[in-house]
Each structure stands twice: as C-alpha cells, then as structure tokens.
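In: Need a 3D model of the following:
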Amino acid sequence: MFNQKKLLEQYLNSHSHQVNHGLVSQLEYVFSLGPSAYHLTASGIVINGGSILLIYHRYIKEWMQPGGHIDLNEKPHIAAQREVLEETGWSSTLVGGEIPIDVDIHLIPANPIKSEPAHWHIDCAYLLSPTTYSQQPDMEKSMWFSFDDVENKRVKRVLNVLNG
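Out: Residues are numbered from 1 along each chain as shown. Down below sits the predicted model:
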C-alpha cells in the first residue's frame, strides 16, 4: 500500500512554486479529522493537442475531468487511468511521473442513496495522453473540449499551470 501523506508531501515539494498555501492548511485540517473523514481520489487530465477530455458528471451536473476512488493497494496514477477508461472509453499513458500535477480538496455532501455521510475528497490529478478508444459498459457522457471552452475552475487552473 502506498503512503498517502508521503505522496502529498512529494507533490507539495515538487510544486512549491505554484501551490496555493491554503492547500497546506486544508490538508492539515482534513488529516486532523482522521481517516474516516476523507478519501484519496485520482483523476485524469487527458490532453490531445489543444483539447482536453471531460465528462459530464451525472450528479454534480458539471463538465469536469474523469476520476474517482482509488482501489485498495492501487497506485493513484493507475486509478486515474482506470477511471478515465471506465468513464470515457479512452485508454491512456501517464505523462510525467507518479507525482500528481494538481491536488484539490473538496467536500462531498452526504449521499443517502449510497448511505454515505458528508466527507472530503483529496483528489490527485495526473496528466495523461489518450492512446486507444473502446466502448465501456458504464461510461459517462464525455466530450473533447478546446482549452478555451473549458468552464470548470479547477480544470482551467490546471491548464493555466500546464501552459505556464
């Protein structure tokens, strides 16, 4: 099993020039709540030329990067690739290393359908390149967007960092 805190420390150290210092405070707060209060998730920033692959999240009702929960003993970048495949049908390769290109913390409201209380997601985003497409059984609505057409704040932030 990988060490979540070590991965996040590596991210903070390698991206110290661009990390919002509020993120450090958020991480400290969420970790202080204990492991039952948060989930580490992974998502894919899938870039093809000047386009990015986004899904329409059926519950949040917003276009965003594909992603989800990390399975037991799964590395986060592998989870990001798996989630991209499951949600969009696109296989992908990792661009860069195993340290995320972005980390975001957000509160997930209680979900009575899943019997889940409100909890935090610490999402690690990975830069991916699409390779092949295959129809998947439970795909989300997905679409390629030009960078200029992206409205999601987090995705725009990541694109701005990538485009330096």
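
In: burial of Ile47, as a residue count?
Out: 20 (other C-beta atoms under 10 Å). The way it works is simple: take the backbone N, C-alpha and C, and place the C-beta from them, glycine included.

In: If you could redo that for Arg154, that was the one I meant.
Out: Arg154 has 17 nearby residues by other C-beta under 10 Å.

In: Kindly confirm my reading that it is in a strand.
Out: No: following the definition DSSP: H, G, I helix; E, B strand; the rest coil, Arg154 is helix and is not counted among the residues of a strand.

In: Helices along this structure, start to end?
Out: 4-14, 21-32, 76-88, 153-162 (DSSP state H).

In: CSV for these, including mean pLDDT and distance to Ile108?
Out: Formatted as CSV, the helices of the chain follow (pLDDT from 0 to 100; distance: least, C-beta to C-beta, whole Å):
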stretch, mean pLDDT, distance to Ile108
helix 4-14, 87, 17
helix 21-32, 88, 12
helix 76-88, 97, 16
helix 153-162, 94, 14
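
In: Deepest in the core, which of the ones you listed is it.
Out: Each of the helices of the chain was scored by mean neighbour count; the highest is helix 76-88, a mean of 22, by mean count of other C-beta atoms under 10 Å.

In: My read is that Ile52 contacts Val155, right?
Out: Yes: with contact defined as C-beta atoms under 8 Å, Ile52 reaches Val155; the gap is 6.8 Å.

In: who touches both of those two?
Out: Ile45, Gln65 (C-beta atoms under 8 Å, 6 or more residues apart in numbering).

In: where exactly do the strands run in this protein?
Out: Counting by DSSP state E, the chain has strands at residues 38-48, 51-57, 62-64, 67-69, 90-94, 102-108, 119-133, 141-146.

In: Tell me which of those strands sits most buried.
Out: Compared across the strands of the chain, strand 38-48 shows the largest average neighbour count, a mean of 22 (mean count of other C-beta under 10 Å).
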